[in-house]
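S.K.: Got a sequence here, can you model it:
(one chain, ligands or ions: 1)
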Amino acid sequence: MKEACGVVAIVAPGRDVAHICYDALYALQHRGQESAGMATFDDHQITVVKDNGLVSHVFTDTTLRALAGSIVIGHTRYSTSGSANWTAAQPVYRSAGSSGFAIAHNGNLTNTTALADDAGIQFTSMLSDSDLMAELLAREVEAGHTLAESLGIVLARCEGAFSMVILEAGEVHAVRDPYGFRPLCLGRLGTEDRPEGWIVASESPALDVVGASFVREIRPGEMVSITKGAMTSTQLLEPAGEKQKLCIFEFVYFARPDSYLMGHQVHTTRRRMGELLAGQSPVEADIVMGVPDSGVPAAEGYAKASGIPFGYGLVKNRYIGRTFISPDQNKRAATVRRKLNPLRENIEGERLVVVDDSIVRGTTTRAIVKMLRDAGAREVHLRISSPPFMWPCYYGIDTPTRDDLLAANHTVAEMNEFIGSDSLEFISLANLRNAIQLDGECCDACLTGAYPAPTPVVLGTAGSRW
Ligand code: SF4
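M.R.: Next up is the predicted model:
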């Protein structure tokens with residue numbers, strides 16, 4: 001199971017936390033559109049509501065009112081093919097100890113088989129790594145440990161990516177893996193004079209939308225525990241190294257442009273990618289346009305640095321999900337046609353620079369180039385704001401195997417021919433790193449093959465296939 005999910009946790013005595021959590025999850029909808037869920041604690045019991053669908057489909061005012069209490073966790077989920085069923089929705093609840101607990105997870109464990117074997121658990125495809133973590137935690141709680149102690153014991157054995165929130169009676173915990181692959185930040189509700197509570201969320205816009213102030217990011221390996229009365233921090237797991245390994249694709253593609261990650265606004269970094277790409281791979285053209293949404297800031301940057309006018313060439317239907325995180329190949333091709341429509345007046349007879357964030361299988365990009373040519377484009381020059389995507393991700397992003405990654409099996413010239421563009425250039429890794437301005441603090445394994453944490457399969461050398 002590999003997913004790009006969003007998580008939220010809120011403790012706010014006297015506030016209607018389910019409605020606040022709804023707004024925060026709504027701001028994280030881009031991280032997963034397959035299912036949504038919440039778990040609350042109302043001083044007596046834990047209640048979980050979850051279902052397949054968007055946040056706005058899963059929750060009504062009636063269900064939100066039923067989610068009473070001042071402590072909540074929430075989740076929005078992307079799922080891989082075959083796991084888009086109700087049982088895969090989160091939070092995952094387990095009865096253990098006096099009241100049980102619920103967990104919501106963003107990431108992917110890479111040693112599920114070993115964890116399950118060691119514990120004598122039959123790990124089937126119907127179980128998610130979150131189910132497995134819940135089972136392992138429940139066993140530790142049943143053995144007499146507190147949930148916080150159990151998290152320390154179980155997560156020390158887990159490898160891979162996890163930014164997760166856990167709710168128990170009267171308390172929530174938020175934990176980030178020792179590499180800090182997936183984002184997780186802490187915010188404050190209310191004012192300094194009149195504090196109203198705490199919020200933890202995958203991205204900072206979830207704090208903005210509920211009026212919370214950003215406090216800081218949760219550190220790699222840190223556990224933040226929040227009750228109605230206090231917030232405490234523990235270094236639960238040793239950081240994996242001197243430098244964090246935040247997913248570089250959070251900057252390129254996943255995160256909202258208004259998110260702040262490690263002190264950098266994502267929109268600004270995307271503009272810089274475009275500026276550097278223009279210097280690195282210039283071309284004579286009449287107009288620069290971006291593939292919405294994440295290609296647009298990079299296109300603005302390319303236009304600014306090249307002096308070629310910026311324009312809009314593709315109109316996006318905002319009510320369609322993102323193609324890269326759509327779980328089925330057939331659905332994906334149809335989604336491109338439903339999602340984008342060309343603006344003929346800006347395209348006809350023009351030489352276009354089209355900036356996009358990435359090429360994974362190449363099918364989406366090829367469909368876009370054909371759409372632009374059908375609309376009368378004279379030339380289509382593709383500029384990509386990430387280097388060739390060569391290796392699968394094992395840290396929480398659903399990507400194809402190497403066989404289906406276009407760049408893993410073709411030269412750039414072959415890719416250009418397959419896609420049907422007049423020219424194709426990718427930003428260099430050095431320029432991408434320059435644009436983000438973080439010194440070695442990002443994972444870029446899908447671009448380099450240098451995986452910072454163990455992977456679940458034996459990998460070939462760069463350029464090889466298996
Ligand atoms: S392998 Fe790629 S997609 Fe996965 S965490 Fe690393 S940078 Fe992100």
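S.K.: interface residues of the stretch 201-350 of the chain facing the ligand?
M.R.: 247-249 (Cβ under 6 Å from any ligand atom). Just so you know, the C-beta spots here come from the backbone N, C-alpha and C atoms, and that holds for glycine as well.
S.K.: Redo those residues as TSV? Include pLDDT, neighbour count and secondary structure.
M.R.: TSV is the format used below for these (pLDDT from 0 to 100; neighbours: other Cβ atoms under 10 Å; DSSP: H, G, I helix; E, B strand; the rest coil):
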residue	pLDDT	neighbour count	secondary structure
Cys247	97	28	strand
Ile248	97	24	helix
Phe249	96	24	helix
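S.K.: quick one: which of those is nearest the ligand?
M.R.: Cys247 (3.1 Å; Cβ to the nearest ligand atom).
S.K.: wouldn't Gln265 be in contact with Phe251 here?
M.R.: No - Gln265 is beyond contact range of Phe251, at 10.0 Å (criterion: Cβ atoms under 8 Å).
S.K.: Low-confidence bits of the protein, can you list those?
M.R.: Within the chain, the stretches with pLDDT under 70 are 1-3, 79-84, 125-126, 320-335, 457-466.
S.K.: quick one, domains of it?
M.R.: Residue ranges for the domains of the chain, per automatic domain parsing: 6-242, 250-448.
S.K.: Can you say which of those is nearest to Pro456?
M.R.: domain 6-242 (4.6 Å; Cβ to Cβ).
S.K.: For the closest one, what is the distance to the chain centroid?
M.R.: 15 Å (Cα atoms, centre = their mean, to the nearest Å).
S.K.: what distance separates the start and the end of that domain?
M.R.: End-to-end span of domain 6-242 (Cα to Cα, to the nearest Å): 26 Å.
S.K.: Next: stretch 422-442.
M.R.: Span of stretch 422-442 from end to end, Cα to Cα: 32 Å.
S.K.: Check the offset of that stretch from the chain's centre.
M.R.: That offset, for stretch 422-442, works out to 19 Å (Cα atoms, centre = their mean).
S.K.: what about it, near the ligand?
M.R.: No - judged by Cβ under 6 Å from any ligand atom, stretch 422-442 stays clear of the ligand, getting no closer than 6.8 Å.
S.K.: ok, residues contacting that stretch?
M.R.: Residues outside stretch 422-442 that contact it (Cβ atoms under 8 Å, 6 or more residues apart in numbering): 243-248, 251-252, 262, 264, 269-270, 272-273, 275-277, 280-281, 283, 379-388, 412, 415-416, 444, 447-448.
S.K.: Stretch 52-69 too?
M.R.: Contacts for stretch 52-69 (Cβ under 8 Å, 6+ apart): 16-19, 22, 25-26, 29, 33-38, 40-43, 47, 49-51, 76, 84-86, 89.
S.K.: Using PyMOL, define a selection of the buried residues within those.
M.R.: To isolate the buried members of the contacts of stretch 52-69 in PyMOL, using 16 or more other Cβ atoms under 10 Å:
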select buried, resi 16+17+18+19+22+25+26+29+33+34+35+36+37+38+40+41+47+49+50+76+84+89
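S.K.: Close to the ligand: what parts of the stretch 51-200 of the chain are there?
M.R.: Counting by Cβ under 6 Å from any ligand atom, the stretch 51-200 of the chain comes close to the ligand at Phe181.
S.K.: one more time with 8 Å
M.R.: 161, 181-182 (Cβ under 8 Å from any ligand atom).
S.K.: Which of those residues ranks first by neighbour count?
M.R.: Within these, most neighbours by other Cβ atoms under 10 Å means Phe181, with 31 neighbours.
S.K.: For the residue nearest to that residue when sequence neighbours are not counted, which residues are in contact?
M.R.: The shortest distance from Phe181 to any non-neighbouring residue, by Cβ to Cβ, 6 or more residues apart in numbering, is to Ala161 (3.8 Å). Ala161 is in contact with 106-109, 177, 179, 181-182, 395-396, 453, counting by Cβ under 8 Å, 6+ apart.
S.K.: Out of those, which comes closest to the ligand?
M.R.: Closest to the ligand, out of all of the contacts of Ala161 and judged by Cβ to the nearest ligand atom, is Tyr395, at 3.9 Å.
S.K.: Pretty sure the closest one sits in a helix.
M.R.: No - using DSSP: H, G, I helix; E, B strand; the rest coil, the assignment for Tyr395 is coil, not a helix.
S.K.: Would you confirm that Gly170 contacts Ala230?
M.R.: No - using Cβ under 8 Å, Gly170 is not in contact with Ala230, being 11.4 Å away.
S.K.: Those two: which has the busier surroundings?
M.R.: Gly170 (15 against 10).
S.K.: quick one: which of Gln265 and Phe251 has more around it?
M.R.: Phe251 (28 against 15).
S.K.: Surely the more buried one is within a helix?
M.R.: Yes - counting by three-state DSSP, Phe251 is part of a helix.
S.K.: Now do the contacts for it.
M.R.: Phe251 makes contacts with 261, 264, 266, 269-270, 435-436, 442, as judged by Cβ under 8 Å, 6+ apart.
S.K.: Just the closest of those residues to the ligand, please.
M.R.: Nearest member of those to the ligand, counting by Cβ to the nearest ligand atom, is Cys442, at 6.8 Å.
S.K.: For Phe418, pull up the helix or strand it's in.
M.R.: helix 412-419 (DSSP states H and E).
S.K.: now that helix: how far from the chain's centre is it?
M.R.: On Cα atoms, centre = their mean, the centre of helix 412-419 falls 28 Å from that of its chain.
S.K.: Isn't Pro454 up against Ala114?
M.R.: No - the pair Pro454 and Ala114 does not pass the contact test of Cβ under 8 Å, sitting 9.9 Å apart.
S.K.: So for those two, which residue has more residues nearby?
M.R.: Neighbour totals were compared for Pro454 and Ala114, and Ala114 leads with 15 against 11 (other Cβ under 10 Å).
S.K.: still on that earlier bit, other residues contacting the helix holding Phe418?
M.R.: 359, 362, 365-366, 369, 382, 388, 406-407, 410, 423-426.
S.K.: hmm, which of these are the buried ones?
M.R.: Using 16+ other Cβ under 10 Å, the buried members of the contacts of helix 412-419 are 359, 362, 365-366, 369, 382, 388, 406-407, 423-426.
S.K.: any chance of the residues you listed in JSON lines, with secondary structure too?
M.R.: Compiled in JSON lines, the buried ones among the contacts of helix 412-419 are given as follows (three-state DSSP):
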{"residue": "Ile359", "secondary structure": "coil"}
{"residue": "Gly362", "secondary structure": "coil"}
{"residue": "Thr365", "secondary structure": "helix"}
{"residue": "Arg366", "secondary structure": "helix"}
{"residue": "Val369", "secondary structure": "helix"}
{"residue": "Leu382", "secondary structure": "strand"}
{"residue": "Pro388", "secondary structure": "coil"}
{"residue": "Leu406", "secondary structure": "helix"}
{"residue": "Ala407", "secondary structure": "helix"}
{"residue": "Ser423", "secondary structure": "strand"}
{"residue": "Leu424", "secondary structure": "strand"}
{"residue": "Glu425", "secondary structure": "strand"}
{"residue": "Phe426", "secondary structure": "strand"}
